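Trainee: my questions are about this predicted structure, shown below with the sequence.
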Amino acid sequence: MVTIAEAHRAGNGRLVDNIAHFARALRAAGVPAGTGRVIDAIRAVEAVGLGDRGDFQAALEASLISRPEHRAVFGELFRLFWRDPRFDEHMMGLLLPTVRGMVPAAAPKSGERRAAEALVEGAHLPRPEPEAGEEVEFDATLTFSADERLKRLDFEQMSPAEAAEAKRAIARLALPVEPLASRRTRPSARGRVPDWRGTMRAGLRSGGDVERLVFRARRQRWPNLVALCDISGSMSSYSRMLLHFLHAAANARGAGWAQVHAFTFGTRLTNVTRHLRQRDADAALAAAGREAEDWEGGTRIGEALHAFNRDWSRRVLGQGAVVLLITDGLDRGEPERLAREMERLQLSARRLIWLNPLLRWDGFSARARGIRAILPHVDSFRACHSIASLEALSAALSRPDDPVDMARIRRLLDDRQAGEEK
């Protein structure tokens, strides 16, 4: 096997260095390009030569890329890395922050921002040295720690490095839940319900004398957690993070949930519960992605809820289940059907919580037909766009009600009713 050191001695040292740096940038962008693939890329380039740029790109792509979703990142990174004449100008354009509501003349394509951030990762601008005796002052009034910034950063705006750190933080989150009191009872020294049959049996064992009363207490049971996650195009960035969140809840020991069930839906309903039970998060989500064939497609919320209510409701919503409906409410189906299925879902669950990333905007209003159909049938209404919002969800699950969100739901319903009257 030809190693990188042998290729250096063969006289292609500069090209080998560039290929190695290019593979390092791919790894920074989230593409798994290890040493073995770098060696394969060097061999492929030696075989095709450097006479044609297209052959050179095809050789690197065939050696370093193995998944279709990585092609966009590879193409942009190849164009930026291998001497684009407008490299500096284009990099600055990609890295400047964008303002919502203002569309630039040339919007970044898919993968461009990841490629640009991968190229500048680890680069440091030179800082001027302070002169002797000069005091350096820092204004820390508007600064935040890295952890606080990451907690409040929108999932959709995260770089690959920030997304990886966010996934590690999400894996440490817990979803506490209070046990439910069952109608069944059990013998207990601290119980308050007299057990007359047990008292008589104890008296028979002592010759008929009743020395003390026997008491019973109500049993405790743990509810199920059922998540219905929208994986359509408008929810793709958030659904991946929330599936990591559900994977952590499904594999947490002693968390309190009897079982964690997860379903994805876009144009059809898919049960991914067994995949999330795998210990490795990446393997679990990869298996769930292969099972769900409607990733980043359209949305049929009403049809998906109808399939769930018909096929799965009686199986998984028993024992006082808590349901997490994760969607932005942008539905293409009939709002009347969606309202009927939402009403049935709410009646079947002990508590129905709607997680909507659009709630990150203070001016959110129920204008879409799907949102207006869902809103009257939820018990709680929360955002799910950041780590901080998921931490707030964990705190809300341990409470029997959510008065802040209920006030917001009532306000949105009043706004909707006022709009319909007009």
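Mentor: Looks like it came in fine.
Trainee: so G233 versus D154, what's the distance?
Mentor: 17 Å (C-beta to C-beta, to the nearest Å). C-beta coordinates here come from the backbone N, C-alpha and C atoms, glycine included.
Trainee: assign the closest residue to N271 other than its chain neighbours to helix, strand or coil.
Mentor: Distances taken as C-beta to C-beta, 6 or more residues apart in numbering place F263 nearest to N271, at 5.5 Å, with adjacent residues excluded. Using DSSP: H, G, I helix; E, B strand; the rest coil, the secondary structure recorded for F263 is strand.
Trainee: what's across from F263 in the sheet?
Mentor: L228, N271 (DSSP bridges).
Trainee: in contact with it, which residues?
Mentor: By C-beta atoms under 8 Å, 6 or more residues apart in numbering, the residues touching F263 are V226, A227, L228, C229, L269, T270, N271, V272, T273, F308, W312.
Trainee: would you mind giving those as JSON lines with distance to T327 and pLDDT added?
Mentor: Listed next are the contacts of F263 as JSON lines, based on distance: C-beta to C-beta, whole Å; pLDDT from 0 to 100:
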{"residue": "V226", "distance to T327": "14", "pLDDT": "93"}
{"residue": "A227", "distance to T327": "11", "pLDDT": "93"}
{"residue": "L228", "distance to T327": "8", "pLDDT": "94"}
{"residue": "C229", "distance to T327": "8", "pLDDT": "93"}
{"residue": "L269", "distance to T327": "13", "pLDDT": "92"}
{"residue": "T270", "distance to T327": "14", "pLDDT": "92"}
{"residue": "N271", "distance to T327": "17", "pLDDT": "93"}
{"residue": "V272", "distance to T327": "16", "pLDDT": "92"}
{"residue": "T273", "distance to T327": "18", "pLDDT": "91"}
{"residue": "F308", "distance to T327": "13", "pLDDT": "95"}
{"residue": "W312", "distance to T327": "17", "pLDDT": "93"}
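Trainee: okay, now G370: neighbour count?
Mentor: 23 (other C-beta atoms under 10 Å).
Trainee: same check, this time on A307
Mentor: 18.
Trainee: could you find the closest non-adjacent residue to A164?
Mentor: Leaving aside its sequence neighbours, A164 sits nearest to G30 (C-beta to C-beta, 6+ apart; 7.9 Å).
Trainee: where in the protein is pLDDT low?
Mentor: Filtered on pLDDT under 70, the chain yields the residue ranges 1-13, 83-146, 253-255, 398-422.
Trainee: in it, which residue is most central in space?
Mentor: M241 (1.4 Å; C-alpha atoms, centre = their mean).
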